[in-house]
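In: coords please:
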Amino acid sequence: LAFIQTIFAALLAVAAARPDAPRRSYAAPPANTYSAPRSDDSSEEVAILRDDRVYPSAAGEYSLDFETADGTKISESGYGSGPDGAVETQGTVSFSHPDGESFELKYVANAEGGYQPESDALPVAPAFPHEIPQFVLDQIAKAAREDEEAARAAPRGSYSAPEPASAYSAPRRS
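Out: This next block holds a predicted model:
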């Protein structure tokens, strides 16, 4: 269940951040209980304590606050303030795993950074295995400066290839 809730929250945030996502009309909120699959094949109904929704406006503004009796909470809001009216979303998801361990995920989804989750439960990439030598960093900086200089020197909006040589000769030997 926890995995499904996490995936659902991630998909919801990514879908909300897509500027080309079709606008949908929404049905009435669900009944005040839900059944979640359990590992022992029983289904237990869990009361919905709060289900506050503001459906998307023409500007893409919406919000969702959802809480159940088992401690599951989902809070999300968004607004069409991104490029070309893309919906920028932020929210949180929290619940308890069957073993009692709590899970919390905070996220932002926007056109600039995509889906950006934050949680102690997410894996962290290992540190780079060694320090990058200074001469490598210097060379990278030099290449960036040369690229900037070349971009400033080139005429904007056009490129003309160099004229081909009219004669070719064998390479010189030294």
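
In: all strands for the chain, in order.
Out: Assigned by DSSP state E, the chain shows strands spanning 33-37, 43-54, 62-68, 73-79, 88-96, 102-110, 114-118.

In: how about those, which one is nearest Glu149?
Out: strand 114-118 (31.8 Å; C-beta to C-beta). No exception for glycine: its C-beta is placed from N, CA and C like everyone else's.

In: Please name every helix or strand in contact with the closest one.
Out: Contacts defined by 3 or more C-beta pairs under 8 Å, 6 or more residues apart in numbering; DSSP states H and E place strand 114-118 against helix 2-17, strand 102-110.

In: and these, which one's lowest on average pLDDT?
Out: Least confidently modelled of the helices and strands packed on strand 114-118 is helix 2-17, at a mean of 57 by mean pLDDT.

In: Centroid-nearest residue for this structure?
Out: Tyr115 (0.7 Å; C-alpha atoms, centre = their mean).

In: Thought Leu122 was touching it, still the case?
Out: No. Counting by C-beta atoms under 8 Å, Tyr115 does not reach Leu122; the two are 11.8 Å apart.

In: longest helix anywhere in this protein?
Out: helix 134-153 (DSSP state H).

In: roughly how far is that helix from the heart of the chain?
Out: Relative to its chain's centre, helix 134-153 lies at 31 Å (C-alpha atoms, centre = their mean, to the nearest Å).

In: Begin at 7 from now on, thanks
Out: Shifting the count to begin at 7 puts that one at helix 140-159.

In: would you put the C-alpha positions of it in CSV?
Out: The C-alpha trace of helix 140-159 is given here as CSV (Å, rounded to 0.1, in the frame of the first residue of the first chain):
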residue,chain,number,x,y,z
GLN,A,140,42.3,21.6,-10.0
PHE,A,141,43.8,21.5,-13.5
VAL,A,142,40.6,19.7,-14.7
LEU,A,143,38.4,22.3,-13.1
ASP,A,144,40.6,25.1,-14.7
GLN,A,145,40.3,23.5,-18.1
ILE,A,146,36.5,23.2,-17.8
ALA,A,147,36.4,26.9,-16.8
LYS,A,148,38.7,27.9,-19.7
ALA,A,149,36.5,26.0,-22.2
ALA,A,150,33.4,27.7,-20.9
ARG,A,151,35.1,31.2,-21.3
GLU,A,152,36.1,30.3,-24.8
ASP,A,153,32.6,29.2,-25.7
GLU,A,154,31.2,32.5,-24.3
GLU,A,155,33.7,34.6,-26.2
ALA,A,156,32.9,32.7,-29.5
ALA,A,157,29.2,33.2,-28.9
ARG,A,158,29.7,36.9,-28.4
ALA,A,159,31.9,37.3,-31.4
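
In: Cool, thanks, talk later.
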